[in-house]
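Student: next input, structure requested:
(one chain, ligands or ions: 2)
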Amino acid sequence: MDKEILLQTKHLSVHFPLKKETLFQKRKCVQAVSDVSLTIYKGETFGLVGESGCGKSTLADTTLGFLRPTSGEVLFCGERLDKRNKTAFKVQRSRMQKIFQDPASSLNPRFTVQDAVSEPLRIRGGISRAQLSEKTVEMLRLVGLSEADATRYVTEFSGGQQQRIAIARALILKPEYLVCDEPVSALDVSVHAQILNLLMDLQSQLGGAYLFISHNLAAVRKLCDRVAILYMGKVVEYGNAEKIFAAPAHPYTRALIAAVPEMRAGNAPQVPVLHGDIASPIDPPPGCRFAPRCPMANGTCAQTPCDLQPIEPDHFAACPYV
Ligand SMILES: Nc1ncnc2c1ncn2[C@@H]1O[C@H](COP(=O)(O)OP(=O)(O)OP(=O)(O)O)[C@@H](O)[C@H]1O
Ligand SMILES: [Mg+2]
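Tutor: Residues are numbered from 1 along each chain as shown. Ligands and ions are numbered 1, 2, ... in the order given. Okay, the predicted model is just below:
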């Protein structure tokens, strides 16, 4: 059976214009996301991977309609997000939610757990007080909290528990699309596995597709069905997670995987570990953006644009030398 498409980006670019330093200077811009075309299917977990500053959050926030594309499109269930009127957009947005990296700053400290978790339902309206509190308690139980926790303030909880509250809040409307933007990286390592397992249990109970952003490649490999590897706003490798992690094609993906000792396959060729930081995405070169750090690059790479090429079914890489 064919998988149903939930969300698509088509040639999506998001640029942030910078202030001019002098009156006559040409305006520069940060090309945070450049020409990204991705498809996320209903019910799947899609991973977004790449170094800090490569555009993961910008891409995710644009798929949620928090940021407007500079060019290109975002389609949710086949309809363009930016072409909808305010009311239709509000309805659409209630079908999409986000879990933030830091639960403490994503929850209002003056709210009780009941207020925080039930707020999306209150805003949507059309529900009695009794139903509201019943649904809140049901959600709290699903995330491993108790009915007695409902009247306590969110600030009384630990980071891991606050993330459970944020998850209950995000899932109370049973969204079809949930962005998890580094959902455990601000938490103590001891609770990482608990929160990730909770997210996966809830996905199998409630359905919905996840866009899962993480620096933890082992977690991405374990949890994601499909992935996109981003480098300076461009997708360098894309497709089925198992295929990509088993046989990474792009030199950047290989280097990322080579940096995680437990992920290196026994017979995999030795790949040099990446040195230096990701370059600035302000006016990048026209060709491959990874060229300055790439062990395979030749003189033309930085000048020659390279689109994603098929490697095998549902596996693409943007390098002519793979
Ligand atoms: N509002 C903004 N104005 C100007 N530049 C921005 C803005 N938001 C993001 N950027 C820049 O866009 C690029 C991508 O940022 P983004 O936050 O999407 O990266 P990220 O991959 O999520 O990084 P991290 O892993 O650190 O969260 C960065 O160079 C960042 O400095
Ligand atoms: Mg980010």
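Student: got the phi and psi for Gly299?
Tutor: When quoted as degrees, to the nearest 10, the phi and psi of Gly299 stand at phi -60, psi -20.
Student: neighbours of it, just the number please.
Tutor: Residues near Gly299, counting by other C-beta atoms under 10 Å, number 8. In short, each C-beta sits where N, CA and C put it, glycine included.
Student: and for Glu182?
Tutor: Neighbours around Glu182, by other C-beta under 10 Å: 19.
Student: phi, psi of it?
Tutor: phi 50, psi 60.
Student: over to Arg122?
Tutor: Geometry field for Arg122 lists phi and psi as phi -60, psi -40, criterion degrees, to the nearest 10.
Student: now it, nearest residue through space, not along the chain?
Tutor: Nearest non-adjacent residue to Arg122, counting by C-beta to C-beta, 6 or more residues apart in numbering: Leu132, 6.7 Å away.
Student: looks like the one you found contacts Ile123 (just checking).
Tutor: No. Using C-beta atoms under 8 Å, Leu132 makes no contact with Ile123, being 11.4 Å away.
Student: neighbour count for the two, which is higher?
Tutor: More crowded of Leu132 and Ile123, by other C-beta under 10 Å: Leu132, with 16 against 10.
Student: can you tell me the SS state at the more buried one?
Tutor: Put simply, Leu132 is helix when judged by DSSP: H, G, I helix; E, B strand; the rest coil.
Student: need the contact list for the residue nearest to Arg122.
Tutor: By C-beta atoms under 8 Å, 6 or more residues apart in numbering, the contact set of Leu132 is Ser118, Leu121, Arg122.
Student: what's the answer for Ala302, then?
Tutor: If you count contacts by C-beta under 8 Å, 6+ apart, Ala302 has them with Pro285, Pro286, Gly287, Cys288, Ala291, Pro292.
Student: now do the SS call for it.
Tutor: Under three-state DSSP, Ala302 comes out as coil.
Student: once you drop chain neighbours, what's closest to it?
Tutor: Ala291 (4.0 Å).
Student: surely that neighbour meets Ala297?
Tutor: Yes. With contact defined as C-beta under 8 Å, Ala291 and Ala297 form a contacting pair (4.3 Å).
Student: of these two, who's got more company?
Tutor: Higher neighbour count among Ala291 and Ala297: Ala291, with 21 against 17, using other C-beta under 10 Å.
Student: state the distance from the more buried one to ligand 1.
Tutor: Note on Ala291: its distance to ligand 1, by C-beta to the nearest ligand atom, to the nearest Å, is 18 Å.
Student: quick one, what contacts that residue?
Tutor: Per C-beta under 8 Å, 6+ apart, neighbours of Ala291: Pro285, Ala297, Cys301, Ala302.
Student: low-confidence stretches in the protein?
Tutor: Low-confidence segments of the chain (pLDDT under 70): 1, 264-273, 275-278.
Student: again, 90 this time
Tutor: For the chain, residues meeting the criterion pLDDT under 90 lie at 1-3, 18-28, 79-94, 123-126, 258-286, 292-293, 295-299, 302-306, 321-322.
Student: how about the strands in it?
Tutor: Secondary structure of the chain (DSSP state E): strands at 5-17, 29-41, 45-49, 71-76, 79-80, 96-99, 177-181, 209-213, 226-231, 234-240, 309-312, 315-317.
Student: mind putting those strands into JSON lines with mean neighbour count and distance to Ile167?
Tutor: As requested, the strands of the chain are exported to JSON lines (neighbours: other C-beta atoms under 10 Å; distance: least, C-beta to C-beta, whole Å):
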{"stretch": "strand 5-17", "mean neighbour count": "18", "distance to Ile167": "20"}
{"stretch": "strand 29-41", "mean neighbour count": "20", "distance to Ile167": "20"}
{"stretch": "strand 45-49", "mean neighbour count": "25", "distance to Ile167": "15"}
{"stretch": "strand 71-76", "mean neighbour count": "18", "distance to Ile167": "22"}
{"stretch": "strand 79-80", "mean neighbour count": "12", "distance to Ile167": "27"}
{"stretch": "strand 96-99", "mean neighbour count": "23", "distance to Ile167": "6"}
{"stretch": "strand 177-181", "mean neighbour count": "24", "distance to Ile167": "9"}
{"stretch": "strand 209-213", "mean neighbour count": "25", "distance to Ile167": "11"}
{"stretch": "strand 226-231", "mean neighbour count": "25", "distance to Ile167": "22"}
{"stretch": "strand 234-240", "mean neighbour count": "24", "distance to Ile167": "27"}
{"stretch": "strand 309-312", "mean neighbour count": "13", "distance to Ile167": "35"}
{"stretch": "strand 315-317", "mean neighbour count": "22", "distance to Ile167": "31"}
